[in-house]
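Student: Got a predicted structure plus its sequence, pasted below:
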Number of protein chains: 2
Amino acid sequence: MPQAVHFIPGHPLAGTEYSGPESGFASLFDGRWCILTPPPETDADAVAKLKRFWEACGSSVEIMTPEHHDLVLAIVSHVPHLIAYNIVGTASDLETVTEKEVVKFSASGFRDFTRIAASDPTMWRDVFLNNKDAVLEMLGRFNEDLAALQRAIRWGDGDALFALFTRTRAIRRAIIDAGQETRAPDFGRSHGAAAETKKTA
Amino acid sequence: MPQAVHFIPGHPLAGTEYSGPESGFASLFDGRWCILTPPPETDADAVAKLKRFWEACGSSVEIMTPEHHDLVLAIVSHVPHLIAYNIVGTASDLETVTEKEVVKFSASGFRDFTRIAASDPTMWRDVFLNNKDAVLEMLGRFNEDLAALQRAIRWGDGDALFALFTRTRAIRRAIIDAGQETRAPDFGRSHGAAAETKKTA
């Protein structure tokens, strides 16, 4: 790297399930976070300049180590994507329930998962190959917790289910209060619009 | 049951993460499905009448056996809810990543899961206790598929990941084409509105 060039790894946490420049929009970074992971010896002025750049785009900026970044992203992004891809795969492979039925009745929960399972396959393949250790660590915890839930269902432990289901509600409220999610029911999905699509299809 | 009374089990597949009569809206059933599971000896006229009732509300009606209903709902609704509850629980229990970080960076995938993990705890406890067999069956398949994905990540099998991630995209397109989902990026979430919440909070 030439001496006057500063390399500062980082990326915004923004975007939709669509890819490419034509999928951008003016408010894409408004109120979103951008994570920078400068190596310890990085020029402080260069980091401050890059921070101002992202803030000018509407983002808030967080600085952390690459190792911590990998753990954070594994739980807030990579494992959620992995289990979304997985449930969509499982549902489409069944013999007892047809794919047509999965599609028809998807509004009861399943379709939420299909959005992130429609993300760019090349990028997501590379994410899992490159953040292997953190993903496997977080996936191990997910599996451990899921085994406990499975056991609670098998043995009819309603109290354990109720306790978890109550606790998770509070997390969503915190995300809404932090300005990272809309308060509108059903993500503010246009119910009329979905029906429209059907009529004009 | 008095002889002039016909009992026909069934329910609509509609609603949001909010509960109670005040969470209803005029287009709630538009383009959605309602499933009826009449026992074999049920009066055909009574079933036809109930079908017309739901159609008048804007729903399409599907008739199936209770056993098939339980399998269909396990995969399109119950297991998706279970894994959403589970990932939200796992994320909030970590020591290496704080709950504050999970909330801040949730827009990268995690927050989608918090919507259905904010559903009514009493209703969902009862769903899992009463549809135990079908849920455990579908959960077994989900776990089997997830173990295969986990192995693909550990051994760096990029082709297996890419193949699944490409296949799942097609399912979302089918759901959109069937009028059961909006085509808008990010469920049509108002990006401005999320930022608004932050500014006014």
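Tutor: Looks like it came in fine.

Student: If you rank every helix and strand of chain A by mean pLDDT, what lands last?
Tutor: Ranking every helix and strand in chain A by mean pLDDT, DSSP states H and E puts helix A:191-200 at the bottom, with a mean of 49.

Student: what's downstream of the longest helix seen in chain A, the next helix or strand?
Tutor: If you go by DSSP state H, chain A has its longest helix at helix A:132-154. Scanning forward in sequence from helix A:132-154 by DSSP states H and E, the next helix or strand is helix A:158-177.

Student: how far does that following helix sit from the chain's center?
Tutor: How far helix A:158-177 lies from its chain's middle: 18 Å, per Cα atoms, centre = their mean, to the nearest Å.

Student: avg pLDDT for it?
Tutor: For helix A:158-177, mean pLDDT rounds to 95.

Student: Can you list the buried residues in that helix?
Tutor: Buried residues in helix A:158-177, counted by 16 or more other Cβ atoms under 10 Å in any protein chain shown: A:160-162, A:164-165, A:167-169, A:171-172, A:174-176. (Glycine included, C-beta is placed from N, CA and C.)

Student: Extract the CA atoms of that helix and return them as PDB.
Tutor: Extracted C-alpha coordinates of helix A:158-177, given in PDB (Å, rounded to 0.1, in the frame of the first residue of the first chain):
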ATOM      1  CA  GLY A 158     -45.800 -25.000  28.700                       C
ATOM      2  CA  ASP A 159     -44.100 -22.800  31.400                       C
ATOM      3  CA  ALA A 160     -40.700 -22.900  29.600                       C
ATOM      4  CA  LEU A 161     -42.300 -22.000  26.300                       C
ATOM      5  CA  PHE A 162     -44.400 -19.200  27.800                       C
ATOM      6  CA  ALA A 163     -41.300 -17.700  29.500                       C
ATOM      7  CA  LEU A 164     -39.200 -17.600  26.300                       C
ATOM      8  CA  PHE A 165     -42.100 -16.300  24.200                       C
ATOM      9  CA  THR A 166     -42.600 -13.400  26.700                       C
ATOM     10  CA  ARG A 167     -38.900 -12.500  26.900                       C
ATOM     11  CA  THR A 168     -38.500 -12.300  23.100                       C
ATOM     12  CA  ARG A 169     -41.300  -9.700  22.800                       C
ATOM     13  CA  ALA A 170     -39.200  -7.300  24.800                       C
ATOM     14  CA  ILE A 171     -36.400  -7.500  22.300                       C
ATOM     15  CA  ARG A 172     -38.600  -6.300  19.400                       C
ATOM     16  CA  ARG A 173     -39.800  -3.400  21.500                       C
ATOM     17  CA  ALA A 174     -36.200  -2.400  22.100                       C
ATOM     18  CA  ILE A 175     -35.400  -2.600  18.400                       C
ATOM     19  CA  ILE A 176     -38.400  -0.400  17.600                       C
ATOM     20  CA  ASP A 177     -37.400   2.100  20.400                       C
END
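
Student: what sits up against that helix?
Tutor: When contacts are defined by Cβ atoms under 8 Å, 6 or more residues apart in numbering or on different chains, helix A:158-177 is touched by residues A:148-149, A:152-153, A:181-183, B:17, B:84-86, B:88-89, B:91-92, B:99, B:102-103, B:106, B:111, B:114-115, B:117-119, B:121-122, B:124-126, B:128-129, B:197, B:201.

Student: can you map out the helices along chain A?
Tutor: So, for chain A - with DSSP H - the helices run A:44-56, A:66-73, A:79-92, A:99-104, A:110-116, A:121-130, A:132-154, A:158-177, A:191-200.

Student: before we move on, the earlier item: select only the buried ones of the contacts of helix A:158-177 in ChimeraX?
Tutor: Buried residues within the contacts of helix A:158-177, by 16+ other Cβ under 10 Å, are selected in ChimeraX with:
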select /A:149,152,153,181,182 /B:17,84,85,86,88,89,91,92,102,103,106,111,114,115,117,118,119,121,124,125,128,197
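
Student: Of all residues in chain A, which one is nearest the centre?
Tutor: What sits nearest the mean C-alpha location of chain A, by Cα atoms, centre = their mean, is A:Ser77, with 3.7 Å.

Student: Sweet, I'm off.
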